[in-house]
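Colleague: The following comprises the amino acid sequence and a computationally predicted model.
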Amino acid sequence: MDKVEATWTGVCCLPMQIMILEGAGRMSINSSSNLLHQQPSWTDGYSTCNVSSSFYGTQWHEIHPQYWTKFQVWEWLQHLLDTNQLDANCIPFQEFDINGEHLCSMSLQEFTQAAGTAGQLLYSNLQHLKWNGQCGSDMYQSHNVIVKTEQTDPSLMVSWKEDNYLYDSGYGSTVELLDSKTFCRAQISMTTPSHQPPDSSDVKKTQDHTPKSHTKKHNPRGTHLWEFIRDILLNPEKYPGLIKWEDRSEGVFRFLKSEAVAQLWGKKKNNSSMTYEKLSRAMRYYYKREILERVDGRRLVYKFGKNARGWRENEN
DNA sequence: CCCATATTTCCTGCTT
DNA sequence: AAAGCAGGAAATATGG
């Protein structure tokens, strides 16, 4: 065994990581492949969390919208979803397969056409960006949600807010804070067909996800990856800010801290060299088995398929 | 030891 | 340019 016991306090610039994993106490980290090596950006003491897509690298917020690439347009959209705590369906990403120049030329009407009720939000936010060049800290929020006035690195600010928010209020109490959510409700219910439990052959109901069923045929290493992911989603208070639902009823979710999830998975499997790269390969194998469905276009987003059980709110 | 399943590891190519 | 995504291929771990 060349594994080295290391405590998370060694990674002193990662308060979130420490908090998340403190329950686990010590973590086995391979000295040649720990977080410090895999995620240099985590160690810069700043952009510690990839809460929203990615700030390091592309830095759309430092570029005038006019010059955004399609990718940066999507990052902006994603960011608006994040900061306004909106469901993904509030903004039809496909409608924004355009670059910054095109985006800037759109009228309010066109925005509304493309994104419905959210169009207004997008439009006014973009106007703000256009006239201010650089992004002020307050532009990240639209009119209707939590206002933050601190002058800090936006990425830090946002992750801090989201993390704290998750810690303080827990998952269940989100709604009252977020009237922006309600303004999307109509849209969501229109675009979301009602759902019947897709079960046909399997009449077995495992209300609780305790894996001790007599029908289990092969379960080599205890929990499967998808169950592990599901359980993180189902216990947000235990693993805050790692993965979040994008659309609870449809089973769409998104990794917020992909590498942290990979580390956690690796820990469970006693594999300290687990990475998101490898974890995601395993996730992709689930497509064929219909445990997951593809969600294309959006990074780090997955959707439970018909063979995934136990993730619905009231599953039978 | 063999077999199947469920990853894990590595890789090339493509997209954002 | 860095991160993700797609899959192929091969290796590995585990239980039967």
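Modeller: Arrived safely, thanks for sending.

Colleague: State the mean pLDDT of stretch A:81-98.
Modeller: Averaging pLDDT along stretch A:81-98 yields 76.

Colleague: what about the strands in the stretch 151-300 of chain A?
Modeller: Here the stretch 151-300 of chain A has its strands, by DSSP state E, counting those that start in this stretch, at A:243-247, A:252-255, A:292-293.

Colleague: most tightly surrounded among these?
Modeller: Greatest average neighbour count among the strands of the stretch 151-300 of chain A goes to strand A:252-255 (a mean of 22), per mean count of other CB atoms under 10 Å. Every residue, glycine included, has its C-beta placed from N, CA and C.

Colleague: From the rest of the structure, what touches it?
Modeller: Here strand A:252-255 makes contact (CB atoms under 8 Å, 6 or more residues apart in numbering) with A:88, A:229, A:233, A:242-246, A:261, A:276, A:295, A:298, A:300-304.

Colleague: sorry, back to before: I'd like to know which of the strands of the stretch 151-300 of chain A is closest to DNA strand C.
Modeller: strand A:252-255 (7.5 Å; CB to the nearest atom of the strand).

Colleague: neighbouring strands for that closest one, and are they parallel or not?
Modeller: Using DSSP bridges, the strands paired with strand A:252-255 are strand A:243-247 (antiparallel), strand A:301-304 (antiparallel).

Colleague: ok so, going back, check the contacts of strand A:252-255 for burial and list the buried ones.
Modeller: Buried members of those, counted by 16 or more other CB atoms under 10 Å: A:88, A:229, A:233, A:242-246, A:261, A:276, A:295, A:298, A:300-304.

Colleague: near DNA strand C too, which of these?
Modeller: Among those, proximity to DNA strand C is found for A:Y276, A:L300, A:V301 (CB under 7 Å from any atom of the strand).

Colleague: Out of those, which comes closest to DNA strand C?
Modeller: A:L300 (4.4 Å).

Colleague: how near is the residue nearest to that closest one when sequence neighbours are not counted to A:H61?
Modeller: Spatial nearest neighbour of A:L300, chain neighbours left out: A:F255 (4.1 Å); criterion: CB to CB, 6 or more residues apart in numbering. Between A:F255 and A:H61 the computed distance is 21 Å (CB to CB, to the nearest Å).

Colleague: could the ones next to DNA strand C among the buried ones among the contacts of strand A:252-255 go into TSV alongside distance to DNA strand B and pLDDT?
Modeller: Formatted as TSV, these follow (distance: CB to the nearest atom of the strand, whole Å; pLDDT from 0 to 100):
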residue	distance to DNA strand B	pLDDT
A:Y276	11	97
A:L300	12	97
A:V301	12	97
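
Colleague: what's the closest of those residues to A:R312?
Modeller: Closest approach to A:R312 among these (CB to CB): A:V301, at 18.3 Å.

Colleague: now check stretch A:84-91, is it near DNA strand B?
Modeller: No - Stretch A:84-91 stays clear of DNA strand B (CB under 7 Å from any atom of the strand), getting no nearer than 14.3 Å.

Colleague: For that stretch, C-alpha coordinates in PDB please.
Modeller: Output of stretch A:84-91 as PDB, limited to C-alpha atoms (Å, rounded to 0.1, in the frame of the first residue of the first chain):
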ATOM      1  CA  ASN A  84     -31.300  33.000  -9.600                       C
ATOM      2  CA  GLN A  85     -31.900  29.500  -8.500                       C
ATOM      3  CA  LEU A  86     -33.900  28.700 -11.500                       C
ATOM      4  CA  ASP A  87     -34.800  25.300 -13.000                       C
ATOM      5  CA  ALA A  88     -33.000  24.500 -16.200                       C
ATOM      6  CA  ASN A  89     -36.200  24.600 -18.200                       C
ATOM      7  CA  CYS A  90     -36.600  28.200 -17.500                       C
ATOM      8  CA  ILE A  91     -34.100  28.900 -20.200                       C
END
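
Colleague: With A:H61 as the reference, measure out to A:I98.
Modeller: Per CB to CB, A:I98 is found 18 Å from A:H61.
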